[in-house]
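Participant: whatever this is, show me its structure:
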Amino acid sequence: MSDNADVIVVGAGLAGLVATYELSKAGKRVLVVEQENRGNLGAQAFWSLGGLFLVDSPEQRRLGIKDSYELALADWLGSAGFDRDREDHWPRQWAEAYVQFAAGDKRAYLHDLGLRFTPIVGWAERGAGEADGHGNSVPRFHLTWGTGPEVVRIFAEPVAEAERRGLVRFEFRHQVDDLVVEEGAVVGVRGTVLEPSSAQRGAASSRAAVGSFDFRASAVVVTSGGIGGNHDLVRKNWPVPRFGPPPASMISGVPAHVDGRMLEITERAGGTIVNRDRMWHYTEGIVNWDPIWPDHAIRIIPGPSSLWLDATGRRMPAPNFPGFDTNRTMKELLSSGYDYSWFVLNQTIIEKEFALSGSEQNPDVTGKDIKLTLRSRLAKGAPAPVEAFKRHGEDFVVADSLPELVAGMNKIARGPQLDVDDLRRVIEARDAQVGNAYGKDAQLMAITNARQYRGDRITRVAKPHRILDPAHGPLIAVRLNVLTRKTLGGLETNLDSQVIRADGTPFPGLYAAGEVAGFGGGGVHGYNALEGTFLGGCIFSGRAAGRALVRELA
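Facilitator: Numbering: from 1, shown residues only. Predicted coordinates:
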């Protein structure tokens, strides 16, 4: 294949693979330019838990979940809170199209490629308790059997076959520095050839230059990801009016190569960035005791029972419960004047309710090992990766008594020293509400509601009990940090994934997909995300770019 491909794709992550798959399936020649080595194929998607947002699926129906396009769209729009006439013009249209995809042919599209799901549908981002506000009204988080690596595989394998046939060529360790614009259209990329790297997947790699390149094509698709690995850029774009001041301490839920470089490069060439201040970071981050990339963080995906305290020991007010409203909890957390918080729980809760985000933290599902999955998820004791963090993680404190627990918390606190009597009063007030079939504690009411759903009752939510009951010990505290993850704003694109210029017209020859485009339109999620929507956004926008270019090149 000559250097002059039909299309150049910048980035070998999920969105780039999907666009390349669609193009090569139609016989188009694709050159994929990627700054990391081949071992990073699939990029951040490989590390993901593999959750996908689906609407009215067979998995939902088997569990008695009643869902519909209308309900899902109402949830999406209530969560997105679109309120910007100019910047939300395309995101609104992307939202309607994406929810239609999730309720329509998304599952069949993926199923035909070989993707399968576990039978239990998760209930993520349960919301702020407002019928027309943020949150999923019903469970929609479909966990891929095989997690993130499987989502990558179903596209990487046909792309590899196209590579063998000469339709696709990868140029790894090629870092794009500029888009080539001639007569108002993008016609290629130029940049720096980086020295070869044998770094393991996700590890930071060298940026030493050994040459340069200049490639030309009929069109360029930018699929380079977001800004989560660039803490300086995260802080620069931090939405202070909504969240408060950016955290002094942050840990990274994405590798260092998620650096946001292509956003600036594309803007410099004439593309438009919208909704820069919209982002999605987690408040339940823990430092990885066995790290791969710098500041490597893992997110706890919690059930609803842990008692959540801010750094001062004050109980988070409703609806700031584990797994309910990420951004509202972020604002509440930072309003304390500190950048961390605490979970207080016990062994019964950690065994039933703690899951860790990431393919490598779920070897049973990632390895598609049914026996190991059943043993890990249904047997007594927490899954092995959770127990490993409990033993080795620097954010965990385990104790047989409350005074011992508080002493351990104070050793690792980055702020106030907690008082054991104050914490006892908070926990005992909560525990006093457990012994009655009724009560006024909003978190316990939320737990009761969650246990009405069979999937939660069986696998996810512990039966209400007193946290201080020794029969459920030992006691556990977890210091929670802000974990950087997703960029919700980005390059403005129309429904064909064409990048939009400042005058509102499509930029000839330039397309964008995935996180760099706010997963579509420059911000399909608005201010909030419903979870299971990030991989799906990469797939939907990458597919849109690929199919639009097939039509254009025909």
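Participant: please make it C-alpha for all contacts and neighbour counts, starting now.
Facilitator: Noted.
Participant: return the set of buried residues in stretch 120-135.
Facilitator: Neighbour counts over stretch 120-135 (16 or more other CA atoms under 10 Å) mark 120-128, 133-135 as buried.
Participant: quick one: contacts of it?
Facilitator: Residues from elsewhere that reach stretch 120-135 (CA atoms under 8 Å, 6 or more residues apart in numbering): 59-60, 63, 74-76, 78-80, 136-143, 319-320, 323-326, 455-456, 528, 530-531.
Participant: ditto for stretch 13-28
Facilitator: For stretch 13-28, contacts defined as CA under 8 Å, 6+ apart pick out 6-7, 9-10, 29-30, 32, 41-45, 152, 155-156, 158-159, 162, 167-168, 221-225, 513-514, 535, 538-539, 541-547, 549-550.
Participant: residues near the residue nearest to residue 307 when sequence neighbours are not counted, how many?
Facilitator: Using CA to CA, 6 or more residues apart in numbering and skipping residues adjacent in sequence, the residue nearest residue 307 is residue 344, 5.1 Å away. Residues near residue 344, counting by other CA atoms under 10 Å, number 20.
Participant: residue 344: which element?
Facilitator: Take DSSP states H and E as the rule and residue 344 turns out to sit in strand 340-346.
Participant: on that earlier part again, among the contacts of stretch 120-135, name the ones in helices.
Facilitator: Judged by DSSP state H, those include 59-60, 74-76, 78-80, 326, 455-456 as members of helices.
Participant: can I get the residues you listed in TSV with pLDDT?
Facilitator: Shown next, in TSV, are the ones in helices among the contacts of stretch 120-135 (pLDDT from 0 to 100):
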residue	pLDDT
59	98
60	98
74	98
75	98
76	98
78	97
79	98
80	98
326	97
455	93
456	94
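Participant: okay, now the unreliable bits of this structure?
Facilitator: 1-3 (pLDDT under 70).
Participant: outside of stretch 62-74, which residues touch it?
Facilitator: In this structure, residues lying in contact with stretch 62-74 by CA under 8 Å, 6+ apart are 55-56, 60, 95-96, 99-100, 103, 120, 132, 136-139, 454-455.
Participant: how about that stretch: buried residues?
Facilitator: By 16+ other CA under 10 Å, the buried positions in stretch 62-74 come out as 65, 67-69, 72-74.
Participant: CA atoms only: put it into CSV for me.
Facilitator: C-alpha atoms of stretch 62-74 as CSV (Å, rounded to 0.1, in the frame of the first residue of the first chain):
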residue,chain,number,x,y,z
ARG,A,62,-35.2,-11.5,31.3
LEU,A,63,-34.7,-9.7,34.6
GLY,A,64,-38.1,-8.1,34.5
ILE,A,65,-36.7,-4.6,33.7
LYS,A,66,-39.1,-2.5,31.7
ASP,A,67,-37.2,0.0,29.5
SER,A,68,-37.8,2.0,26.4
TYR,A,69,-36.3,4.5,24.0
GLU,A,70,-38.6,7.2,25.5
LEU,A,71,-37.6,6.5,29.1
ALA,A,72,-33.9,6.3,28.2
LEU,A,73,-34.0,9.5,26.2
ALA,A,74,-35.8,11.3,29.1
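Participant: that stretch: how far from the chain's middle?
Facilitator: Mean-position distance between stretch 62-74 and its chain equals 22 Å (CA atoms, centre = their mean, to the nearest Å).
Participant: restricted to strands, list the contacts of stretch 62-74.
Facilitator: Mapping the contacts of stretch 62-74 onto strands (DSSP state E) picks out residue 120.
Participant: among the contacts of stretch 120-135, which ones are buried?
Facilitator: Applying 16+ other CA under 10 Å to these, the neighbour count classes 59-60, 74-76, 78-80, 136-143, 319-320, 323-326, 455-456, 528, 530-531 as buried.
Participant: thinking again about what came up before, partner strands of the strand holding residue 344 and their direction?
Facilitator: In the sheet, strand 340-346 lines up against strand 307-310 (antiparallel), strand 475-487 (antiparallel) (DSSP bridges).
Participant: select, out of the ones you listed, the one closest to residue 523.
Facilitator: Nearest of those to residue 523, taken as CA to CA: strand 475-487 at 8.7 Å.
Participant: quick check: angle from the helix ranked longest in the chain to strand 475-487?
Facilitator: Secondary structure of the chain per DSSP H: the longest helix is helix 534-553. Inter-element angle recorded for helix 534-553 and strand 475-487: 10 degrees (by axes from the mean of the first three to the mean of the last three CA atoms, to 10 degrees).
Participant: give the other helices and strands that helix 534-553 contacts.
Facilitator: helix 14-25, strand 51-53, helix 89-103, strand 506-512 (3 or more CA pairs under 8 Å, 6 or more residues apart in numbering; DSSP states H and E).
Participant: partner strands of the shortest one and their direction?
Facilitator: This points to strand 51-53. Paired neighbours of strand 51-53 in the sheet (DSSP bridges): strand 141-144 (antiparallel).
Participant: same deal with the last one?
Facilitator: Applying DSSP bridges, strand 506-512 is found paired with strand 209-222 (parallel), strand 498-500 (antiparallel).
Participant: pull stretch 124-140 out as CSV, backbone CA atoms only.
Facilitator: This file holds the C-alpha atoms of stretch 124-140, laid out as CSV (Å, rounded to 0.1, in the frame of the first residue of the first chain):
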residue,chain,number,x,y,z
ALA,A,124,-25.0,2.6,37.6
GLU,A,125,-25.5,6.3,38.2
ARG,A,126,-28.8,5.9,40.0
GLY,A,127,-29.3,9.6,40.2
ALA,A,128,-30.1,12.4,42.5
GLY,A,129,-33.7,11.4,43.5
GLU,A,130,-35.4,13.6,40.9
ALA,A,131,-37.8,11.9,38.4
ASP,A,132,-36.8,14.3,35.6
GLY,A,133,-33.2,14.8,36.7
HIS,A,134,-29.9,12.9,36.4
GLY,A,135,-29.7,9.2,36.6
ASN,A,136,-30.8,5.9,35.2
SER,A,137,-34.3,5.1,36.1
VAL,A,138,-33.6,1.4,35.5
PRO,A,139,-30.5,-0.9,35.2
ARG,A,140,-28.8,-0.5,31.8
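Participant: looking at strand pairing, list the partners for residue 491.
Facilitator: As for beta bridges, residue 491 partners with residue 273 under DSSP bridges.
Participant: start at 89, not 1
Facilitator: With the count now opening at 89, the last piece we talked about shows up as residue 579.
Participant: which parts of stretch 422-432 are buried?
Facilitator: Applying 16+ other CA under 10 Å to stretch 422-432 flags 422, 424, 426-432 as buried.
Participant: show me which of the residues you listed is closest to residue 449.
Facilitator: Using CA to CA, the shortest approach to residue 449 within the buried residues of stretch 422-432 belongs to residue 431, at 19.8 Å.
Participant: measure that closest one to residue 138 for me?
Facilitator: As judged by CA to CA, to the nearest Å, residue 431 and residue 138 stand 25 Å apart.
Participant: roughly how far apart are residue 259 and residue 601?
Facilitator: Between residue 259 and residue 601 the computed distance is 19 Å (CA to CA).
Participant: can you give me the end-to-end distance of stretch 582-598?
Facilitator: Per CA to CA, stretch 582-598 runs 11 Å from first to last residue.
Participant: sorry, that was for stretch 435-446
Facilitator: Length of stretch 435-446, first residue to last, CA to CA: 22 Å.
Participant: what comes into contact with it?
Facilitator: 135-137, 236, 386-394, 450, 468-471, 473-474, 547-550, 560-564.
Participant: show me those that map onto helices.
Facilitator: Within the contacts of stretch 435-446, residues falling in helices by DSSP H are 135, 236, 473-474, 547.
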